[in-house]
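[1] model the following, please.
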Amino acid sequence: MTTTIHTPLDKPVNLPLELALLGVLALLWGSSYLLTKVAVTEIPPITLIAARVTIAAAILCAVMWAQGATLPTDAKSWRMLYLQAVFNSIAAWTILAWGQRHIDSGLASVLNSTSPIFVFFLTLFVSRHERLSWLKLAGALLGLAGVTLIVGVDVLRGLGQQVAGQLAALFGAFLYGCAAIYGKRFTHLPAVVTAAGTMVCASLTLVPLAIVAETPWQHTPSARAIAAATALGVFATGLALLIYFRLVRTLGSMGVASQSYLRAGIGVLLGICILGEAFSLTVGLGLVAAILGVAAINLPARKGG
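    Here you go, the predicted model:
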């Protein structure tokens, strides 16, 4: 029998399907690290992010119009969309990009995977917008432990060094947590409209910034770098955001944030499959812990008797 859960709007949700989409989202965002590494060697960072969100905005607007939907016309919706864009892309990606230049990538992965923990405590003490449990907190901590095992516990030796970079990675995770919570407010808009609107806001902000700060016309990236940037925009941003805003509604803030644990595992698996990196017992244990953490976070709550 198919497991179903109920959203706050009392619509039944096919849990296995939503968890499969969570895995797809983690794959799309996990692959973004590899694509960014290829593109950023030839394209300046702000220009790359601006290109990423502009491509995504164009794709999402095309999908939206094909579905017969339109962007909102009221000022309140646009203020909300801009704030969501700040949380989920404009500020988060810029801060994380800066932080990753100053700390080891493994430690950045661990710190950036703390967003479910931020979601838990922000929900507990501030928003109170969805039901929490000790099992969800245990799942968040188990998932974080899994990520630490996946990237290697040795990365924790860097804690306390390059503090500014570490705080930037943590703040980026905090912003992702805020995005997962604030994204619940867009029930009045279709997911494709929310995704398109946030990327339009991000593009209108980042394109002028890139022009002023990096004079992108002075760079001539290769076809390989352009292809990586295009894939970032189409798949790791456009398609990913369509799935993301659906999952915010079906799995909730904690559920959609839990993909950060799967993302690290997918990054390692891609390295093993594509780059021929070694697979270790510690990595295997970390993958199991991350999957169990995601499962604990997304188990449907029992109804009271």
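[2] what's the helix or strand that contains Ala179 packed up against?
    Secondary structure from DSSP states H and E places Ala179 in helix 163-182. Contact analysis of helix 163-182 by 3 or more CB pairs under 8 Å, 6 or more residues apart in numbering; DSSP states H and E lists helix 75-85, helix 91-100, helix 105-112, helix 115-122, helix 252-257 as its packing neighbours. For every residue, glycine as well, the C-beta is placed using N, CA and C.
[3] out of the ones you listed, the one nearest Cys201 is which?
    The stretch from those with the least distance to Cys201 (CB to CB) is helix 75-85; that distance is 4.0 Å.
[4] in the closest one, what counts as buried?
    77, 80-85 (16 or more other CB atoms under 10 Å).
[5] pick the one among these closest to Ile243.
    Within these, the smallest distance to Ile243 is 15.6 Å, found for Gln84 (CB to CB).
[6] so the closest one touches Ala180, yeah?
    No. In this structure Gln84 lies outside contact range of Ala180 using CB atoms under 8 Å: 10.3 Å.
[7] who's in contact with the closest residue to Phe174 other than its chain neighbours?
    Of all residues beyond its chain neighbours, the one nearest Phe174 is Phe118 (5.0 Å), with distances taken as CB to CB, 6 or more residues apart in numbering. Residues in contact with Phe118, defined by CB atoms under 8 Å, 6 or more residues apart in numbering, are 173-174, 176-178, 257.
[8] separation between Phe118 and Leu111?
    As defined by CB to CB, to the nearest Å, Phe118 lies at a distance of 11 Å from Leu111.
[9] mutual contacts of those two, please.
    In the contact map built from CB under 8 Å, 6+ apart, the residues linked to both Phe118 and Leu111 are Ala173.
[10] where in the stretch 51-200 of the chain is pLDDT low?
    Along the stretch 51-200 of the chain, segments meeting pLDDT under 70 are nowhere present.
[11] scratch that, the stretch 201-305 of the chain
    Scanning the stretch 201-305 of the chain with the threshold set as pLDDT under 70 gives 275, 277, 301-305.
[12] can you rerun that using 80?
    Along the stretch 201-305 of the chain, the model assigns pLDDT under 80 to residues 264, 267-272, 274-279, 300-305.
[13] ranges for the strands of it?
    Per DSSP state E, counting those that start in this stretch, the stretch 201-305 of the chain has no strands. Nothing in it meets that criterion.
[14] same question for the stretch 1-150 of the chain.
    4-6, 12-14.
[15] run a quick neighbour tally on Ala225.
    By other CB atoms under 10 Å, the residues close to Ala225 number 19.
[16] isn't it up against Pro44?
    No. Under the criterion of CB under 8 Å, Ala225 is not in contact with Pro44, lying 11.1 Å apart.
[17] look up how far Ala289 lies from the residue lying closest to Gly177 once chain neighbours are set aside.
    In this structure, Gly177 finds its nearest non-sequential neighbour in Phe118, 3.4 Å apart by CB to CB, 6+ apart. According to CB to CB, Phe118 and Ala289 sit 19 Å apart.
[18] try Gly276
    Between Gly276 and Ala289 the distance is 24 Å, computed by CB to CB.
[19] same check, this time on Pro116
    14 Å.
[20] overlap in contacts, the two.
    Residues touching both Pro116 and Ala289 comprise Gly143, with contact defined as CB under 8 Å, 6+ apart.
[21] these two: which has the busier surroundings?
    In this view Pro116 and Ala289 are compared by other CB under 10 Å, and Pro116 has more residues nearby, 30 against 22.
[22] the more buried one contacts Ala140, doesn't it?
    Yes. Under the criterion of CB under 8 Å, Pro116 is in contact with Ala140, at a separation of 4.3 Å.
[23] nice, that's everything, thank you.
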